[in-house]
Structure formats: C-alpha cells, structure tokens
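Asks: Quick one, fold the following:
(one chain, ligands or ions: 1)
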Amino acid sequence: MLYPKINEYRELMDLSGFWDFRADPGDDGLAEGWAEGPPRCVPIAVPASWNDQLPSLRDFLGPAWYATRFELPRAWHHGRLLVRFDSVNYLAEVWMNGKRLGSHEGGHLPFSFDATEAARAGANLLVVRVDGRLAPDRVPPGGVPPSPLDAFPSGPFFPDGSFDFFPFCGIQRTVRLCLLPEGAIERIEVEPSLAGPGALVRVRIDGGAGSSARVTLAGHGAELAAQADLPSGEATVELRVPGPALWSCETPNLYELSVALSRGGVPFDSYSLPVGLRDVAVDGERLLVNGRPVRLKGFGRHEDFPVAGRGFLPPVIVRDYELMRWVGANSFRTTHYPYSEEMMDLADRFGFLVIDETPAVGLFFAEAGLTRRSELCAAFTRELIERDRNHPCVVAWSLANEPHSRRPEALARLRALVDLAKSLDPSRPVTLASYLGSGEEAFAFCDVVCLNRYFGWYEAGGRIEEAAGRLSEELDTLHAKLSKPIILTEFGADAVPGFHAEPPEMFSEEYQARLIERLLEVARSKPYVVGAHVWNLCDFKTGQAVHRAEGMNFKGVFTRDRRPKMAAHLLRRLWGASEARPSLPATPDRRAETPDGSAF
Ligand code: GCB
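Replies: As a prediction, the model looks like this:
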C-alpha cells in the first residue's frame, strides 16, 4: 500500500492519541471476548512502545490489548476504508466493532486491512491484540538454544532476544484510517535509469482497473507527461527527462511524480510522490552513484529514546539528522530493521545514502523453526522492497545482520534471499552484514561486503595499535579473496558518558575516540573500503547482561539524550563538517556547501 496521503480524492484520519490498554499475561483475552473491548484498561499513548510508559511492564512482551473509539463522518460512507498501521511489534490481530479484520506478523513494516464493511458512520471501536513475545520461529528470533555454531559475542540477554537491543513492543508507529476512492491506485513503482540520453523514468502503476492514467513529472524546469490505459489494472509508462537534475548526496534534487486516474473523462484518484533520478552500481571495487565513486561516512543507529522506547518520535528524527549532519556524515544503515517511512523521506531530502536493512537480525540456522524463519525473511524482504523502492536514498538492500551462517544449511537460505531481492529490484546492490570476516561464505554472492568488526573491543580490548593492525590484515584478506567494495558497517567501543582516562582505557571517552580515529585511518588507507559506519550514533537501551551496565549499549558517539561525547567532536573534525549548515537543503546551491562524500 502507498504511504497514506490526503488529497482531493483521499481522506485520512490519524488515530494517534491516548488509547485503552490492558496487559494479558494469562493470554485469556481471546477466550474472554476482549475483541469486543478489553475490560479494566489503563490509558496508553499511541504510537509508542508500552515498556517504558508503564514501568511495571518493562520486561513484559505480551500479549496485550489496545482499544480506541473514534467517530466516522457520514460523508466517509463512500469508497474503500482501510486501517493502516505503520508498524506494530510483533504480531497484531485487529478487530473493528467486533469484526475481525486480519492479522500481521513482523515488527517494523506497514500493513493495512479493509474495514469498509466493519466500520459505520458515527461511533466505532478499533481493538488490537499485540504479541511481542520472543520465540525461535519469529524474526528476529528469541529463546534460541545455545550452540557453538551460532555463537554471538553479545548474548545472552534478558529478555532473551538473539540481538543486542531492547525488544520494545506495542503499536510503535502511526495508525490511520484511509478513505480511498473505488478502484484507487494501489501501487506506484518508479525506476530511474541513466542509460541513453538524459534520464529514463519507468513508472509502473497498479490499480485503477478500467481507467486511464495521466503521469506527470515536474521540477527543475521539466514538465513531462505520459498517458496510459489500465484495462486490467496495471500499466507501465516511460518518461525521458532531458538534462536531468540528478539526485546525489551533494545535490539531493527531487522531482514530483504524479499519477492521476480518470474514468470516462471523470477524474477520481491521484497520488504524488517525490522521486530522485540517479543510479547505483558496483564497478569492481567501487560503489558508484551516477557513475561517480562514493564513500559512505556514517553510522548504525536505533529507533530508541527514553519513555517512548521504539515509538515514532518526529523531533528525534529531526535531531538525529542534525547530529549526523553536524559531524559531516552522509550515510547510515537502518540497523537492524526498517526505519519509519518519515525517516526515509528525510534521507531523500537531505541526500543521505542509506543501506536499508530487513529485520533479519540474529538469524540462526538450526532446524527448530527454520522453515518459518525463512518464510518470514522472504516476506519481510518483499515488504521492505515494496515499501522503500521509490526512495533514491536507498543505495543497497541489507538482507540480514550477522546471520550465524557457519552451518552448512545457512548458505542456500541466504542465497535464496539475495536472489529474491535481486529479482524484485535488479537496480540496487544487495548485501548482508557479517561478523565472520573472511570466513563469511555468503559474501561470495553479495554485491558489496559489509563487515562488522570489533577489534579493540571484543577482541584485542585495550590494545588500539593491535586492533588497527588486525583490521588492516583482515581487510586485505577479504579484498584479496573477493575483490568487491567493502564497507566497515560496524566498529567502535562503549564509552560511559563522562568517564575519562589518560592514557585511554576501555569504557572511557578517550578510548572510544582514539579507537575510532585509528580504525578509520586504517579503513581510509584502503581504496577498496568504500564506507565506514561507526557503531552507534547514540547510546541505546538493550537487554540486561553482564556486559551491559544500566541495560545500555554505550557505543554511541552521542548519549541516549543526544549529547556529544569526545568521539562526536572527533568525527566532526575528521569528516570535515562545515559551520552553519542549513536545516533543510532548500536549494542545490546551498547543499553544495556540505561535504562531498569523497573521504571518510
Ligand atoms: C554487533 C551487532 C550490534 C551490537 C554490537 C555490539 O555486532 O550487530 O547489534 O549492538 O555488535 O555493540 O556488540
């Protein structure tokens, strides 16, 4: 489903606010008919995770029930009514006025249900049962039986996710009612190509069976149009843009693409979205955007903030872009799940290069639940590519973070995922991030090698020079074996804010800053290393574990409340941020003052 928008043919109602909430630790709600409205509820904010709003439920992962009442205007009784959830972690089952609408599995991707039959003019009740429990047959998994083949340096945690971030639960992004005209546009896929003169924009439209579409592309002096009929509800049109204003990190030029449908000459639906004209390619050991080599400078990050947990918080999104731009970053990876659609929109506008990652973190390949996990990984890959394919900021798909791929079963499964992503979107490189270094056999079928490496922390802790030497060796070995572009997608050290030590010592701000500086120096000295993402932009909440004081991962270069540590100042110096950056790149000229992405 397209991102919900209001226009002359489409209506929206945002259901954010205080909902009713009831935890269901005994899992009695289904049998007791809570779908008709859970009893004895407390207020809860939506969107947001429940764990830090209601501290007695911090470690409770579900099931739990949400309910909200809303009034529908009588005028809304035409067309098709959808209820759209931008994300719910992890399982959601939804009823309107007691009628079951459907269920969805997976914590970070949108879904919608048709509520045309169930809704009525006047008062309505929407009920959602959310189950965020961790299990081996979910993705990401939890409760994974320990095995030497699946070893992961960060485990084990309480709650027992096979990943290093807190398993926040609930309705974490916006919920909206969307009123669409009958036969509305369902999907628009935009694929720009720079082959031939100018730029070619291929637009595929789904929906609108029996109608005609007018497609326009406007901006930067261009005003192009094409016409197509949709007898069976699909059509592809092509527009050639002479002298295109290309999208790039330095000049994030966007055009506006609009599709307008009419039937018998009567207009009945339209949808507009920004598009960027650019292409991405791997050429030997280089990553190219518009034929020019790029080098990624940036971070892994988390959607994480006090009280709201993993809830959608627009001010934090703005602040995080300010922080990244302040240090001179031009890139991030959506570690370790798809970020909000609004975050992706701003990446397009700011000119960030994004490695877009599915929620497949901590994957293991032992038999228990393997078939189901594989199905879910494929479903999430499909859903992510469908959601984000029109964003120029996405320069690669990452299909897993640190899969425990030593088992022989792993390779065929990972290859199937890579093949799936390439068949859905042949225009972008596909990758996964691994901690196995040159032992990662899956790199053979990835376009770009993404290495997560903690020399100076989990290995060679306290020994910065040894860490630098080992990283240098490992990069050269990987390069000799694969001859592909390499991105150092994770490296860093925990630094407890305000803890200082000279000479530098692990957990001090000095140690974190010097280690990052030294490892970046190594990465920079290798022409085939095309990017470096420091782990992490900000400190973030994780499960409790002996190596996680305060239930926190302190590898942020900013604190959880977004104050800089020494490492943030260091990066600002290294990445060459200029003073007085405009908050939004209003024009390409102003944007040209920002770093050109040529070094990291
Ligand atoms: C990793 C993981 C990341 C962890 C990080 C750490 O390799 O990909 O999720 O948070 O290490 O700090 O241990």
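Asks: Now the residue of the stretch 401-550 of the chain found nearest the ligand. Nearest residue, chain neighbours left out?
Replies: In the stretch 401-550 of the chain, no residue comes nearer to the ligand than residue 452, which is 4.5 Å away by C-beta to the nearest ligand atom. In this view, the C-beta of every residue, glycine as well, is placed from N, C-alpha and C. Distances taken as C-beta to C-beta, 6 or more residues apart in numbering place residue 490 nearest to residue 452, at 3.7 Å, with adjacent residues excluded.
Asks: Could you double-check that that neighbour lies in contact with residue 533?
Replies: Yes. Between residue 490 and residue 533 a contact is recorded at 6.6 Å, counting by C-beta atoms under 8 Å.
Asks: So for the helix or strand where residue 190 lies, could I get the coordinates as CSV, restricted to C-alpha?
Replies: Element membership for residue 190 (DSSP states H and E) is strand 185-193. The C-alpha trace of strand 185-193 is given here as CSV (Å, rounded to 0.1, in the frame of the first residue of the first chain):
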residue,chain,number,x,y,z
ILE,A,185,-4.1,3.5,-7.3
GLU,A,186,-2.7,0.6,-5.3
ARG,A,187,1.0,0.8,-6.1
ILE,A,188,3.4,3.0,-8.0
GLU,A,189,6.9,1.8,-8.8
VAL,A,190,9.4,4.3,-10.1
GLU,A,191,12.6,3.1,-11.7
PRO,A,192,15.0,5.7,-13.0
SER,A,193,17.8,4.8,-15.4
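Asks: What residues sit buried inside it?
Replies: 185-186, 188, 190-192 (16 or more other C-beta atoms under 10 Å).
Asks: returning to what we had before: which one's more surrounded, residue 490 and residue 533?
Replies: Using other C-beta atoms under 10 Å, the more surrounded residue of residue 490 and residue 533 is residue 533, with 28 against 24.
Asks: what's near enough to touch residue 205?
Replies: By C-beta atoms under 8 Å, 6 or more residues apart in numbering, the residues touching residue 205 are 185, 187-188, 213, 215, 228, 230, 234-237, 259.
Asks: go again using 6 Å as the cut-off
Replies: 188, 213, 235, 259 (C-beta atoms under 6 Å, 6 or more residues apart in numbering).
Asks: Next: residue 255.
Replies: For residue 255, the contact set (C-beta under 6 Å, 6+ apart) comprises 217, 219, 275.
Asks: With residue 194 instead?
Replies: Shown in contact with residue 194 (C-beta under 6 Å, 6+ apart): residue 279.
Asks: again, only this time at 8 Å
Replies: For residue 194, the contact set (C-beta under 8 Å, 6+ apart) comprises 200, 244, 246, 277-279, 290-291.
Asks: Would you check that the residue of the stretch 401-550 of the chain closest to the ligand makes contact with residue 434?
Replies: Yes. With contacts counted by C-beta under 8 Å, residue 452 reaches residue 434, the gap being 6.6 Å.
Asks: Now do the shared contacts for the two.
Replies: What both residue 452 and residue 434 touch, as defined by C-beta under 8 Å, 6+ apart, is the set residue 402.
Asks: Report back the residue of the chain that's furthest from centre.
Replies: Most distant residue from the mean C-alpha position of the chain: residue 264, 40.7 Å away (C-alpha atoms, centre = their mean).
Asks: and that residue, backbone torsions?
Replies: Dihedral pair for residue 264: phi 60, psi 40, per degrees, to the nearest 10.
Asks: How confident was the prediction at it?
Replies: Turning to residue 264, the model gives it a pLDDT of 95.
Asks: quick one: residue 25 and residue 60 touch, right?
Replies: Yes. Using C-beta under 8 Å, residue 25 is in contact with residue 60, at 6.9 Å.
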